[in-house]
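Asks: Dropping a prediction and its sequence here:
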Protein chains: 2
Amino acid sequence: MSHTGFRHGSFQGGSSSDEDLVEVAGGMLDFSMADDVPPLDREMAEGFSSYNGGGMNGARQVMDFLQEPLPGVGTYEDFNTIDWVREKSRDRDRHREIASRSKESAWALVHSISDAFSGWLLMLLIGLWAGALAGLIDITAHWMTDLKEGVCLNGFWYNHEHCCWNSPQTTFQDRDRCPEWRTWAQLLTDREEGGALGYVLNYFLYVLWALLFSFLAVLLVRGFAPYACGSGIPEIKTILSGFIIRGYLGKWTLLIKTVTLVLAVSSGLSLGKEGPLVHVACCCGNILCHLFTKYRKNEAKRREVLSAAAAAGVSVAFGAPIGGVLFSLEEVSYYFPLKTLWRSFFAALVAAFTLRSINPFGNSRLVLFYVEFHSPWHLLELAPFVLLGVFGGLWGAFFIRSNIAWCRRRKTTKLGRYPVLEVLGVTALTALLAFPNKYTRMSTSELISELFNDCSLLDSSQLCDYLSTNSTQGDDLPDRAAGPGLHVATWQLVLALLLKIFITIFTFGMKVPSGLFIPSMAVGAIAGRLLGVGMEQLAYHHHDWPIFKGWCSPGADCITPGLYAMVGAAACLGGVTRMTVSLVVIMFELTGGLEYIVPLMAAAMTSKWVADAIGREGIYDAHIRLNGYPFLEAKEEFSHKTLAMDVMRPRRSDPALTVLTQDSMTVEDVEGIINETTYSGYPVVVSWESQRLVGFVLRRDLVISIESARKKQEGIVSSSVIYFTDHCPPLPPCSPSMLKLRSLLDLSPFTVTDQTPMEIVVDIFRKLGLRQCLVTHNGKLLGIITKKDVLKHIAQMANQDPDSILFN
Amino acid sequence: MSHTGFRHGSFQGGSSSDEDLVEVAGGMLDFSMADDVPPLDREMAEGFSSYNGGGMNGARQVMDFLQEPLPGVGTYEDFNTIDWVREKSRDRDRHREIASRSKESAWALVHSISDAFSGWLLMLLIGLWAGALAGLIDITAHWMTDLKEGVCLNGFWYNHEHCCWNSPQTTFQDRDRCPEWRTWAQLLTDREEGGALGYVLNYFLYVLWALLFSFLAVLLVRGFAPYACGSGIPEIKTILSGFIIRGYLGKWTLLIKTVTLVLAVSSGLSLGKEGPLVHVACCCGNILCHLFTKYRKNEAKRREVLSAAAAAGVSVAFGAPIGGVLFSLEEVSYYFPLKTLWRSFFAALVAAFTLRSINPFGNSRLVLFYVEFHSPWHLLELAPFVLLGVFGGLWGAFFIRSNIAWCRRRKTTKLGRYPVLEVLGVTALTALLAFPNKYTRMSTSELISELFNDCSLLDSSQLCDYLSTNSTQGDDLPDRAAGPGLHVATWQLVLALLLKIFITIFTFGMKVPSGLFIPSMAVGAIAGRLLGVGMEQLAYHHHDWPIFKGWCSPGADCITPGLYAMVGAAACLGGVTRMTVSLVVIMFELTGGLEYIVPLMAAAMTSKWVADAIGREGIYDAHIRLNGYPFLEAKEEFSHKTLAMDVMRPRRSDPALTVLTQDSMTVEDVEGIINETTYSGYPVVVSWESQRLVGFVLRRDLVISIESARKKQEGIVSSSVIYFTDHCPPLPPCSPSMLKLRSLLDLSPFTVTDQTPMEIVVDIFRKLGLRQCLVTHNGKLLGIITKKDVLKHIAQMANQDPDSILFN
């Protein structure tokens, strides 16, 4: 039986564990049917003992030595999957206890009420912290991005924009130019216009700063918190589905991720801070959980909090509280009860308002790229919008394929051994290529903001350089012919598009914090703006064409290139992440106008269909698979016709299932089985012959209990018989005392028949959050299916090598 | 065993069924352990047959006469609960078949693609239809409401507002007065000002029209579609949870509900059209399902469509597509996969845009009470907002109690026998009390619209009658002293509040279509506006008080009474329905401003907490319980410590479970059991002695198959042995031929152990959508738990009489 431990080589720097997720074992399975166990009547079966650690059967206690829960019983090891059913039962037990005690005294009542409101308090704290951190990150990243180009004489802590705000002589036209702000060349050479030398000097210093920032970032990540790299969303999805990765959401990860995120964004790499903000918010949530017993001690409850924290993270990333909640619901969460929905909403709102009161962009908006459009769109414009959707889908699929191929190459070749060099190389390349082009030199979110912008009369931007006409009425600007500035800008945007498309593939997955939202949106926004400008010029010069007639006459403002940019951004983001509702709602919250939902939706739908036709997985799922995380996808239907018997262990050729009997095994026998096998749990049966299931006992609990009994309980020796039964027979004199372990037993293990279709088994695993499920045939125990078996089977059915997936 | 049929007396006019939801039976349960069945080896167990009707085990077929699915096998009777697992398996089978066939020919590929897109097409159609119907209802109801007061001379089909639009001499001040619009008194007496006589005449005709409308409504409902009454949301929740009520979503119900809804709204009763619009949209969805085989034949898939239709209904009711989707998710849906989320969103959007292009209110808004506020709110204002929340919660709890008490009275006393008289009485009372007061005479949605309104300079409304000051700058109106008109309006509003509070209790539940959203919102909006005006005057006259200092100096526009009205409306609606996220999002979509979310959220949260402290159930859940619908609430945690063995049938004192054996019963034996018991399914065991479970067979399938076999298959007589096994022993010569029914068997029945806590069992029932679950002890079949048993147990644990709940 090649059923060895579960390895996690993919967690660089993380402690690796050889513990099996959940077990299956060799042993004897006998189909002989004689069933000579003395009959148990129902009365006798009545008394049953409690599950240790506040387990599910907390009722009537049986007298055995395990009256007090032993420390460690009922907890999980690192890199294991939690048992949702058990965790939720424990929480209900806890809740019942508090509720019943609350009637006893006023103090207990206060405790009960404070317990009920602790969830809300936690949400408030998460919102405040996440909002404040996001504000801090925004402000620092903005300042450091500008630091690459120059410094403010009024005070080095001002960024370019703030520096010139204080300058009185600034007009709106050149609000970016003021004497207080000096480029490095101006500062070093002390000349106003540097000429070629100044340019080279600025170029050189720009690259140098970028290298310095990224070098610091990668050093910090490698040195202190290896989990801080990447966007964190694949891992958070996995954690929320019930996996345990200790330290992934810890305080070190939070600290280092916050610092390195600022460094990475400022270095000018093609990455965003939006995805990592979700990780940061989840760290806040996890750390704050430690303040409340209710959440500290219960893995399931803590995951509810993390779902809400993820919503808060997106809320501050995009200034979209509703979109954040829907993102958490649609994309990252696994178990999302309605109570969590409401609380997530609260946390997301608090976070958004905290960020707004910090006002990092100086415009009392939550994001840099908030936008208001003035003109409606025409039904015929749906054609270019759908085209953008197709582009987004194609780009998304292309990006996922290339990025996964590159990441796999990084894992399997020498490349992976030099992460610092890789980061420095990519940074140098990005900076060298980016500086000459205005649109790649500015930070990506500023670029997006400029692309989304609807040109107004006062706009001095190159993108708004149209030849002016005299037919302007009020605020409405008619479509006009492109001026020379726009022609230049178009070419620069094409180059920027090419750079972003290629460099992002190599950037995402490096050992620095890196989000994918902003680069994807940038690619889409550039493509959209280009198409928008193209459409506008086409309509201006050919307004007599039948398709433009009636709605795009001369002097009318019929095409808004900014809207095209926004639709393109949504399409590309949708193609990469396969988000749907949350994407549209986030974009809706950026514009605030219900009428722009339809273009966004058309693009997002097209993009998802096109991308899904090429490859089913979104980028996060692809990275989950690449890293071999045990994540059971809830969205994909399992559509194969296999049965439970095809998946269960032992397989037909394997030795039979390792089981314990309820009343005939000695301590020595059990220890022998524990030492011979690595499985994390064993079914307990009435007898070898009958194979009738009594319950299920976890290895960890068994080991701890036997050890403790040997130390503390008198008369427990190797030949002591272990009883899992309710009543024990009277002991013959002089025999060693017996060890009663019924309280360890899970008396309600989940079972399915061997004929159950796997689609139903998969459904049960997903919906109930099981770790394992026992398989019976005509009432006899036949085998076991673990979550890992299910995952391997799904991989196998999808023609992927199951071992490469779970054991890389 | 007092385990009789499940009655539905509460469905007036609906056909009642004595079929049990699912069965439990008397028989022999023997605990002797001898297990003398010949061993089945795994190879032998491999071949297994398909489930009829495209069942879950469609794989390797066994040769028996049931090769072709019999008509009726796999369908449900009226007033039964569907088996979600089976329905979903059938859909997967169907999908697999189409997918595998699509590789064969181009035509099959087209079929496969059209099948994949049929869901989207269906959503489009639902959106179009629901939006169009909502527009029609809006326009007609508006016109008929005005018809009670007068008629337009330009054309009787114009409503008051449209009539005066065409009048050229109208100024903004008296846009409601124009010579073309004549009150009935003016028309009949032919005098411009009617004086006292005219008033009386108008009063009389107003009441008469109201009586006529409501009389027509109740007659139509009683005569043609009894299901058209009420809001329909409790029933839709029940249907979506898996119950079958034939005709509830049929075309007659749709037609009659649409017509009577207009009549009921126009009659001036204290009811709204928003709740019934959800029912109307669901009818559209259900009828459109018949166009697509995929949805027509599958109860689970159809319910996904209905969830989306409910979202579309709310979307057009409030002009809030996102709120509609969240309402469907939070309030009405039971099974809501992410795919449905996306599609619901699409349907909701299409519906909203259809309605907007119809433009029923002439303001290119989706609702009458869309509003824009101009001034921000101050943190200190949270105190009155929370106060409104408390009011909303108290009112909600009071309303639910009184309304349920009144509805129970209606059911149990003579009152219920005279629905027409009741409706006429309530209408007469409402109309008599409403006419003298301007604010109750206008339609409730107009009232809400006026209350939400932020007073502008040009506003001629009584509510905006302030004493003018000269310090006006721009659009911003400072707080001013109340004028005489406002004083009058205040008293009128107090009277209107009292009327609405009491009359709504008697209105909701009558035999006309009646929604609760609008009356609840009206109560809250009046209370909120009153508080808002009070606060405003307090702040104006006492701006030197410390609490007002700093933010409410003279000349500042610091308090917006319209915002208070909106917050109050949210609070009352929240208190009655216990909606949370969806409520806030709906209100957010009405205002469009993110900053007003916080007041709304504070009020909604307070209101829910206050109302929950008094009674846990929202109005819909209370009505579900009142009517005894088999609805398993997904939101409430089951928190008791009972075990599966406490709930399962047979109880300890009952005769043992009725089971069939797999290879020893004759046709006669089985027919005997079917005739003696009323249960809708039977477990099949290996033998009486072993009680080892093989599978589960449904009564309906068994009856149909035996009948058909007796007719069509030769040699099937009463003494024929029925085999549920895979392989049958060779027949002795001259014995009657055997009947192989393995294909009927569900080989993967769900089982739990007798020690399983009920909280886990309830969870399993909810999450997997089970109809029944078998209970085992140490591998032996012991009993069965049906959904009804679970519901009865929950009721019992909540100290409610289980029989009064399920058998009223």
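Replies: It's in. Numbers count the residues shown, from 1 in each chain, chains lettered A, B, ... in the order given.
Asks: ok, now which ones touch A:Ala428?
Replies: Counting by CB atoms under 8 Å, 6 or more residues apart in numbering or on different chains, A:Ala428 touches A:207, A:210-211. Quick note: C-beta positions are derived from backbone N, CA and C, even for glycine.
Asks: Around A:Ala196, count how many other residues there are.
Replies: 7 (other CB atoms under 10 Å in any protein chain shown).
Asks: ok, and for the host helix or strand of it, which residues are buried?
Replies: Counting by DSSP states H and E, the element that carries A:Ala196 is helix A:195-224. Judged by neighbour count (16 or more other CB atoms under 10 Å in any protein chain shown), helix A:195-224 contains these buried residues: A:198, A:201-203, A:205-207, A:209-211, A:213-218, A:220-222.
Asks: can you check stretch A:591-598 too?
Replies: So for stretch A:591-598, counting by 16+ other CB under 10 Å, buried means A:591, A:594, A:596-598.
Asks: same deal with stretch A:368-381?
Replies: Quick answer for stretch A:368-381 (16+ other CB under 10 Å): A:368-371, A:373, A:377, A:381.
Asks: what residues are up against the residue of the stretch 301-450 of chain A found nearest chain B?
Replies: Nearest to chain B, among the residues of the stretch 301-450 of chain A, is A:Trp342, at 4.6 Å (CB to the nearest CB). Residues in contact with A:Trp342 (CB under 8 Å, 6+ apart) are B:580-581.
Asks: ok, now the one 4 residues further on?
Replies: Shown here is A:Phe346, whose contacts under the criterion CB under 8 Å, 6+ apart are A:120, A:123-124, A:127, A:308, B:601, B:605.
Asks: so it is in which element?
Replies: helix A:338-358.
Asks: Check which helices and strands the helix or strand just after that helix sits against.
Replies: Per DSSP H and E, the first helix or strand lying C-terminal to helix A:338-358 is helix A:382-412. When contacts are defined as 3 or more CB pairs under 8 Å, 6 or more residues apart in numbering or on different chains; DSSP states H and E, helix A:382-412 sits against helix A:484-507, helix A:517-541, helix A:561-577, helix A:597-614, helix A:619-627.
Asks: and the angle for the helix holding A:Phe346 with helix B:597-614?
Replies: Note on geometry: by axes from the mean of the first three to the mean of the last three CA atoms, to 10 degrees, helix A:338-358 and helix B:597-614 are set 150 degrees apart in direction.
Asks: from the middle of its chain, how far away would helix A:338-358 be?
Replies: Here helix A:338-358 shows a centroid-to-chain-centroid distance of 18 Å under the convention CA atoms, centre = their mean, to the nearest Å.
Asks: tell me which residues in it are buried?
Replies: In helix A:338-358, counting by 16+ other CB under 10 Å, buried: A:340-356, A:358.
Asks: Around chain B, which positions in the stretch 301-450 of chain A sit nearby?
Replies: Neighbours of chain B within the stretch 301-450 of chain A, by CB under 8 Å from any CB of the partner chain: A:321-322, A:325, A:329-330, A:337-339, A:341-342, A:345-346, A:349, A:352-353.
Asks: wait, which of those residues is closest to A:Asp612?
Replies: Nearest to A:Asp612 among these is A:Glu330, at 15.1 Å by CB to CB.
Asks: The closest residue to the closest one other than its chain neighbours is in what secondary structure piece?
Replies: Among residues not flanking A:Glu330 along the chain, A:Ser582 sits closest, at 4.8 Å (CB to CB, 6 or more residues apart in numbering or on different chains). Following DSSP H and E, one finds A:Ser582 within helix A:581-591.
Asks: who does that helix touch, helix- and strand-wise?
Replies: helix A:299-318, helix A:321-327, helix A:561-577, helix A:597-614, helix B:321-327, helix B:338-358.
Asks: quick check: angle from it to helix A:517-541?
Replies: Using the same axes, to 10 degrees: helix A:581-591 against helix A:517-541 is 60 degrees.
Asks: Quick check: which ranges of chain A have low pLDDT?
Replies: A:1-74, A:166-177, A:192-194, A:363-364, A:457-459, A:469-477, A:801-808 (pLDDT under 70).
Asks: Report the buried residues of stretch A:726-744.
Replies: Here stretch A:726-744 shows A:726, A:728, A:738-744 as buried, counting by 16+ other CB under 10 Å.
Asks: could those residues be laid out in JSON lines, adding distance to chain B?
Replies: Converted to JSON lines, these look like this (distance: CB to the nearest CB, whole Å):
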{"residue": "A:Asp726", "distance to chain B": "10"}
{"residue": "A:Cys728", "distance to chain B": "17"}
{"residue": "A:Met738", "distance to chain B": "20"}
{"residue": "A:Leu739", "distance to chain B": "21"}
{"residue": "A:Lys740", "distance to chain B": "17"}
{"residue": "A:Leu741", "distance to chain B": "16"}
{"residue": "A:Arg742", "distance to chain B": "11"}
{"residue": "A:Ser743", "distance to chain B": "13"}
{"residue": "A:Leu744", "distance to chain B": "14"}
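Asks: need those in JSON lines with secondary structure, can you?
Replies: Formatted as JSON lines, the buried residues of stretch A:726-744 follow (DSSP: H, G, I helix; E, B strand; the rest coil):
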{"residue": "A:Asp726", "secondary structure": "coil"}
{"residue": "A:Cys728", "secondary structure": "coil"}
{"residue": "A:Met738", "secondary structure": "coil"}
{"residue": "A:Leu739", "secondary structure": "strand"}
{"residue": "A:Lys740", "secondary structure": "strand"}
{"residue": "A:Leu741", "secondary structure": "coil"}
{"residue": "A:Arg742", "secondary structure": "helix"}
{"residue": "A:Ser743", "secondary structure": "helix"}
{"residue": "A:Leu744", "secondary structure": "helix"}
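Asks: If you tally nearby residues, what's the number for whichever residue of the stretch 101-250 of chain A sits closest to chain B?
Replies: Distance from chain B to each residue of the stretch 101-250 of chain A (CB to the nearest CB) is smallest for A:Trp120, at 8.4 Å. By the criterion of other CB under 10 Å, A:Trp120 has 15 neighbours.
Asks: Same check on the one 3 residues further on?
Replies: Burial measure for A:Met123: 28 neighbouring residues, criterion other CB under 10 Å.
Asks: Ok, A:Gly769 next?
Replies: 24.
Asks: Over to A:Glu689?
Replies: 17.
Asks: is it true that it lies in a helix?
Replies: No: read with three-state DSSP, A:Glu689 is coil and lies in no helix.
Asks: any idea how far A:Lys780 is from it?
Replies: 10 Å (CB to CB, to the nearest Å).
Asks: in the stretch 701-808 of chain A, which spans are helices?
Replies: A:758-768, A:787-797, A:802-806 (DSSP state H, counting those that start in this stretch).
Asks: starting at the chain centroid, how far to stretch A:497-509?
Replies: 21 Å.
Asks: Pull out the buried positions in that stretch.
Replies: For stretch A:497-509, burial by neighbour count (16+ other CB under 10 Å) applies to A:497, A:499-501, A:503-509.
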